[in-house]
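[1] predicted model and sequence below, questions to follow.
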Amino acid sequence: MSNRVLIFDTTLRDGEQSPGASMNQEEKLSIARLLQELKVDIIEAGFPIASKGDFNSVQAIAREIKDCQIAGLARAKHEDIETAWNAVKEAKNPRIHTFIATSPIHMQYKLKLTEDQVLEKIKDSVSFARNLCPNIEWSCEDGGRSSIDFLYRCIELAISSGATTINIPDTVGYTLPYEFGEIIKKVKNNVPNIDNAIISVHCHNDLGLAVANSLNAVENGARQIECTINGLGERAGNAALEEVVMAMKVRSDLLKVHTEINTESISKTSKLVSSITGFPVQPNKAIVGANAFAHESGIHQDGVLKNVETYEIMSPESIGLKKSSLVLGKHSGKHAFKEKLKILGYDVGDNYINEIFAKFKMLADKKKDVYDEDIIALVDDTHINQINTLKLLNLSIMSGTNSKHVASLELDFKGEIKEISGSGNGPVDAVFSCIAKVVGFSPKLKLYNINAITPDSDAQGEVAVKLEYLNKEFIGKASDIDIIVASAKSYINAINKIINFEKNSNMQEGVSEISLTNMKGI
Ligand code: KIV
Ligand code: ZN
């Protein structure tokens with residue numbers, strides 16, 4: 001058996017099914033580009049039957065991304081499978097991923113099908129898919145709670161009908177590591193034609209065991225892991241890509257397997273996914289949390305200075321965190337700034353550099369040390385301002401314990417300068433109401449989140465908002481040393497996404513949309 005484990009990333013499909021994590025086509029494409037740089041083997045780009053938007057995103061990814069297999073998800077229905085095929089067929093290496101539930105509870109209550117009927121559907125759906133595409137993945141949804149003897153029959157049939165990958169999901173994150181490993185071992189030993197397919201696993205994290213279960217499955221013969229960046233996914237999420245990959249790398253002495261992942265792109269991919277979805281990464285999250293490589297206590301710091309391996313089992317550089325001795329401040333010149341951008345992985349054009357450098361100077365005037373995180377936020381913010389039509393030009397606030405909270409804003413909306421003042425229940429409320437008046441609609445604020453980017457009290461605040469408009473959610477993110485300005489900019493970022501969405505959906509008028517939420521009962 002090969003000791004190469006394939007990495008199947010489902011951030012854009014299962015990850016997007018996290019409540020509030022929906023992404024637009026451009027955002028999905030930018031994540032797919034980084035997944036390609038990360039060298040994942042397979043990108044599950046979406047669930048094409050779910051909506052026209054999903055279909056278009058999968059198709060755009062299939063057209064552009066050449067170095068990864070591109071998979072589209074489909075239920076055991078011809079319409080789903082055909083739609084998935086149409087979305088992925090232009091990929092260099094397309095895959096159809098079709099599934100049906102096999103656990104007693106799912107078959108009885110959700111599907112209302114007997115075991116024999118499910119077997120019939122497996123044969124029909126897999127052979128239909130195989131006639132379209134040579135690369136077929138079949139999943140037994142809720143495999144972790146399915147009868148093992150029934151699983152053997154389903155898997156054997158799926159393989160004889162044309163499946164090339166058999167995925168065994170622990171859909172509800174219920175199994176324990178040794179128990180899940182046993183399932184894989186039994187499948188490997190008891191399904192007669194199992195050597196004609198790759199065994200894959202797809203573990204959810206409801207008991208916090210998704211990574212442990214996936215690794216135990218690998219020890220027992222699985223050679224594909226389905227996972228997501230930052231562990232995004234339904235409910236408690238999926239196995240985190242960065243954790244399974246780094247565990248296999250750091251403990252290759254025991255696990256004796258490897259992946260082809262370019263681990264040095266992990267950190268920036270994690271940041272991009274967090275920034276696009278608005279889901280912050282908890283500071284103590286393994287591998288990608290802000291504290292994952294921070295040594296706070298004196299004893300630890302002393303040990304690390306003497307020999308870094310006393311408290312570090314992997315280097316920050318191995319996940320792409322570049323330590324640089326270049327600390328920027330107000331006296332830093334454009335050359336040093338450009339050098340820093342290069343180290344951080346930004347290739348910024350000449351027109352752009354002047355704008356970002358001017359912003360850096362303004363920030364450095366207010367803040368003694370400018371950290372890498374500050375610069376990343378500056379670049380992201382500049383980009384945000386360039387591609388959107390609603391822009392913040394000026395903001396002032398009158399606020400206090402016993403006074404009214406009044407905001408005054410100057411905005412550029414569709415090229416016209418708008419000045420507006422208004423009050424609210426607090427400064428943020430006052431600012432948001434003013435912006436809503438200017439654009440002429442008032443989305444519901446579903447989430448407001450603020451984090452300090454760096455530790456000091458002069459740190460920039462990073463604000464994420466989630467707005468609901470016409471039953472869809474839009475995330476905005478921005479940062480500034482003034483948290484009210486960061487709030488205004490993040491709200492404007494989300495408003496711009498709504499405006500863009502409206503523009504795009506007017507272009508697609510007449511297309512019927514099945515919302516993803518409706519698809520969740522699958
Ligand atoms: O969790 C699950 O069972 C799934 C399948 C569709 C693979 O996401
Ligand atoms: Zn799942």
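    Received it, and whenever you're ready, just let me know what you need. Just so it is clear, the model here is predicted, and its values are computed rather than measured. Ligands and ions are numbered 1, 2, ... in the order given.
[2] distance between the strand or helix carrying Glu137 and the chain's centre?
    If you go by DSSP states H and E, Glu137 is part of strand 136-141. In this view, strand 136-141 has its centroid 22 Å away from the chain centroid, taken as C-alpha atoms, centre = their mean, to the nearest Å.
[3] quick one: contacts of that strand?
    Strand 136-141 has contacts (C-beta atoms under 8 Å, 6 or more residues apart in numbering) with 71, 95-103, 106, 122, 126, 129-130, 146, 151, 154-155, 158, 162-169, 171, 200, 202, 522. To be clear about C-beta, it is placed using only N, CA and C from the backbone, and glycine gets the same treatment.
[4] buried sites along it?
    For strand 136-141, the neighbour count (16 or more other C-beta atoms under 10 Å) marks 136-141 as buried.
[5] same for ligand 1: which of the contacts of strand 136-141 are within range?
    When C-beta under 6 Å from any ligand atom is applied, the members of those adjacent to ligand 1 are 99, 167, 169, 171, 202.
[6] related to what we said a few turns ago, if you look at the contacts of strand 136-141, which of them are in strands?
    In this view, those that belong to strands under DSSP state E are 71, 95-101, 165-169, 200, 202.
[7] top of those residues by number of neighbours, please.
    Comparing the ones in strands among the contacts of strand 136-141 on neighbour count, Ala71 comes out first with 33 neighbours (neighbours: other C-beta atoms under 10 Å).
[8] quick check: chain neighbours aside, which residue is closest to that one?
    Spatial nearest neighbour of Ala71, excluding adjacent residues (C-beta to C-beta, 6 or more residues apart in numbering): Arg95 at 4.0 Å.
[9] ok, now which ones touch the one you found?
    Neighbours of Arg95 in contact, by C-beta under 8 Å, 6+ apart: 42, 69-72, 88, 133, 135-137, 165.
[10] swap the cut-off to 6 Å and go again
    69, 71, 135, 137 (C-beta atoms under 6 Å, 6 or more residues apart in numbering).
[11] tell me how far it lies from Ser318.
    29 Å (C-beta to C-beta, to the nearest Å).
[12] also Val465?
    For Val465, the distance to Ser318 - C-beta to C-beta - is 34 Å.
[13] what helices or strands is the longest helix anywhere in the chain leaning on?
    Longest helix in the chain by number of residues (criterion: DSSP state H): helix 483-507. Here helix 483-507 touches strand 391-398, helix 427-439, strand 461-469, strand 472-480, going by 3 or more C-beta pairs under 6 Å, 6 or more residues apart in numbering; DSSP states H and E.
[14] by mean pLDDT, flag the weakest helix or strand of the protein.
    In the chain, no helix or strand scores lower on mean pLDDT, DSSP states H and E than helix 372-387, which sits at a mean of 70.
[15] tell me where the model's unsure across this structure.
    Where the chain drops to pLDDT under 70, the residues are 295-298, 301, 323-327, 345, 347, 382-387, 504-522.
[16] and it, which residues reach ligand 1?
    So the chain meets ligand 1 at 14, 99, 139, 141, 167, 169, 171, 202, 204 (C-beta under 6 Å from any ligand atom).
[17] wait, isn't the fifth one in contact with Ile198?
    No. Judged on C-beta atoms under 6 Å, Asn167 makes no contact with Ile198 at a distance of 9.1 Å.
[18] distance of the residue lying closest to Ser125 once chain neighbours are set aside from Leu305?
    Nearest non-adjacent residue to Ser125, counting by C-beta to C-beta, 6+ apart: Ala76, 3.8 Å away. As judged by C-beta to C-beta, Ala76 and Leu305 stand 58 Å apart.
[19] which of those two has more neighbours?
    Taking other C-beta under 10 Å, Ala76 and Leu305 do not tie; Ala76 has more neighbours (25 against 10).
[20] residue contacts, that one?
    By C-beta under 6 Å, 6+ apart, the contact list for Ala76 reads 98, 100, 121, 125.
[21] for Glu226, see how far away it is.
    In terms of C-beta to C-beta, Ala76 sits 18 Å off from Glu226.
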